[in-house]
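Chemist: with the input below, show me the fold.
(chains A and B)
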There are 2 protein chains.
Amino acid sequence: MIGIFDSGIGGMTVARAVEQCLPDYSLVYYGDIAHTPYGPKSPATITNYSIKNTEFLLEKGAEIIIIACNSASSVATRTLREQFNVPIIEVISPAASKAIDCSKNGRIGIIGTKATVKSNIYTEKITTVRPDYKVYSQPCPLLVPLVEENWLNRRETKMILRRYLHPLKEKQIDTLVLGCTHYPLLKKLIQARIGKRVTLIDSSIETANFIKTFLKKNPETVNKNGDKQVSHTYYVSDRTETACKVADRIFSRPMELIQA
Amino acid sequence: MIGIFDSGIGGMTVARAVEQCLPDYSLVYYGDIAHTPYGPKSPATITNYSIKNTEFLLEKGAEIIIIACNSASSVATRTLREQFNVPIIEVISPAASKAIDCSKNGRIGIIGTKATVKSNIYTEKITTVRPDYKVYSQPCPLLVPLVEENWLNRRETKMILRRYLHPLKEKQIDTLVLGCTHYPLLKKLIQARIGKRVTLIDSSIETANFIKTFLKKNPETVNKNGDKQVSHTYYVSDRTETACKVADRIFSRPMELIQA
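Modeler: Sure, this is the predicted structure:
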């Protein structure tokens, strides 16, 4: 069984991509809504929560853990790998690799939460492979609340996006990493503001592709369900109305969120 | 010693008012930044956190507890009063009383978080005393993140405020309760948008006044420091950069936040 956790419901964009990419695998999701958002919090606190989320998923039978949250991936991956004896997959590396592949002019933009941007992890991952590349990061702390409010097409959202993206546009980036699992819901608005020529990298899709390849190479890691029924179970640490609405929107179907 | 807790740093507007109003009393504050914000979370989760915050303050020597958070006041007051044997003061009643006193046309507006508005507590408190009054509530979930980002004078903030306040303006309210401790930092913008004739009620100031009267009537509740040094101690469950900045801004002085 594949285990996925997130600070809330944003990581469901990853879960959705995994469901589509790997239809034969069962999946258990844990959204830590009681502690959401992680983005503005400190690395120690985020790591603490990530350990508890992983323990929860292992108890439920997970054989591999996907950290479907850029903030947690940025600051907690090392600790989780030290503490737990299962593969820990994060969302940063697949997106960073894809950005390197896509960029032609070597100028890559990153948007994310404060925790993600402050960790500097995208810049490190990219410049380790390509020291000649320039990486420009922009924290966008208001985008998560705007998405959770479903203000996906409001004038205010467009203005705020313009303000956040302007510095990256000036740097003439040709590739932009959506470094937070909430941002794919704003993809169209972001593309319109950053310009058609900029390639957007969706960390959710890249992570799902990465897992698919990983499981092909390491088929023994996770039991395929075979003849048994495939199950997709979604747990949350707090069931709020907003979470239920955003979940329905992400999956384009009514979602059952189970209070853990 | 007076104990004050909040979901984060917004409740420091209450602490500041208490410091000014009651300079002879020691004060201990607990800001639950690790779980911030409370506003979008469920009553059960908010109550859970409120119990832990109260236990922390009692351990530190608090003899009276102020719930300096409208969301927690709305949903957790009854449970705290049942579980703890010290006076529990909330921020709703003082603001509701003041609103009743101030309104001439009997049309009162409330702005607050989702948790506060959904609890319907302001409406209940006001209409119990004045069944002839009309109360109009508006949840404003984006204001807390905007204040925490220090976007206090941005065009986007003004537009969002206009959108939130428009329905209340149409109802011709003459009194508006700032039903969240973050909102006093937006007082000028709110006044400009709702109109000069509308009286704004600041729950922080009303609560500080209420405590002052309460301690005059019940002087045995809290030990005054007498000759001893008065202490003001501020604890937080997570020390983030944003929290430190907002705290400095609220107190107009550099604040020391102690990691609990």
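Chemist: give me the buried stretch members for stretch A:122-136, please.
Modeler: Of all the residues in stretch A:122-136, those buried under the rule 16 or more other C-beta atoms under 10 Å in any protein chain shown are A:122, A:123, A:125, A:126, A:127, A:130, A:133, A:134, A:135, A:136. The C-beta positions use only the backbone N, C-alpha and C, and glycine is treated the same way.
Chemist: beyond the host helix or strand of the fifth one, next helix or strand please.
Modeler: Translated: residue A:127. Using DSSP states H and E, residue A:127 sits within helix A:121-129. Next along the chain after helix A:121-129, taking DSSP H and E as the criterion, comes strand A:134-139.
Chemist: what distance do you get for residue A:33 to residue A:237?
Modeler: 6 Å (C-beta to C-beta, to the nearest Å).
Chemist: the more surrounded of these two?
Modeler: Counted by other C-beta atoms under 10 Å in any protein chain shown, residue A:33 and residue A:237 do not tie: residue A:33 has more neighbours, with 26 against 20.
Chemist: state the distance from that one to residue A:93.
Modeler: From residue A:33 over to residue A:93 the distance is 26 Å, taken as C-beta to C-beta.
Chemist: about what we covered before: which residues do residue A:33 and residue A:237 both contact?
Modeler: Common neighbours of residue A:33 and residue A:237, counting by C-beta atoms under 8 Å, 6 or more residues apart in numbering or on different chains, are absent.
Chemist: switch the buried residues of stretch A:122-136 over to JSON lines; also include pLDDT.
Modeler: Formatted as JSON lines, those follow (pLDDT from 0 to 100):
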{"residue": "A:122", "pLDDT": "97"}
{"residue": "A:123", "pLDDT": "98"}
{"residue": "A:125", "pLDDT": "97"}
{"residue": "A:126", "pLDDT": "98"}
{"residue": "A:127", "pLDDT": "98"}
{"residue": "A:130", "pLDDT": "98"}
{"residue": "A:133", "pLDDT": "98"}
{"residue": "A:134", "pLDDT": "98"}
{"residue": "A:135", "pLDDT": "98"}
{"residue": "A:136", "pLDDT": "98"}
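Chemist: in stretch A:211-218, which residues are buried?
Modeler: Of all the residues in stretch A:211-218, those buried under the rule 16+ other C-beta under 10 Å are A:211, A:214, A:215.
Chemist: now swap in stretch A:234-243 and tell me
Modeler: Applying 16+ other C-beta under 10 Å to stretch A:234-243 flags A:234, A:235, A:236, A:237, A:238, A:239, A:240, A:242, A:243 as buried.
Chemist: what's across from the second one in the sheet?
Modeler: So the one you mean is residue A:235. Beta-bridge partners recorded for residue A:235 (DSSP bridges): residue A:30, residue A:258.
Chemist: pretty sure it is touching residue A:247, no?
Modeler: No: Residue A:235 is not in contact with residue A:247 according to C-beta atoms under 8 Å; the separation is 11.8 Å.
Chemist: joint contacts of the two?
Modeler: Counting by C-beta under 8 Å, 6+ apart, the contacts common to residue A:235 and residue A:247 are residue A:257.
Chemist: now do the contacts for the residue of the stretch 151-260 of chain A found nearest chain B.
Modeler: Closest approach between the stretch 151-260 of chain A and chain B, counting by C-beta to the nearest C-beta: residue A:238, at 4.5 Å. Neighbouring residues of residue A:238 by C-beta under 8 Å, 6+ apart: A:33, A:34, A:259, B:41, B:42, B:44, B:45.
Chemist: need the three-state assignment for it.
Modeler: Classification of residue A:238 using DSSP: H, G, I helix; E, B strand; the rest coil returns coil.
Chemist: quick one: pLDDT of it?
Modeler: Residue A:238 is assigned 96 on the pLDDT scale.
Chemist: next: residue A:225.
Modeler: Note on residue A:225: pLDDT of 68.
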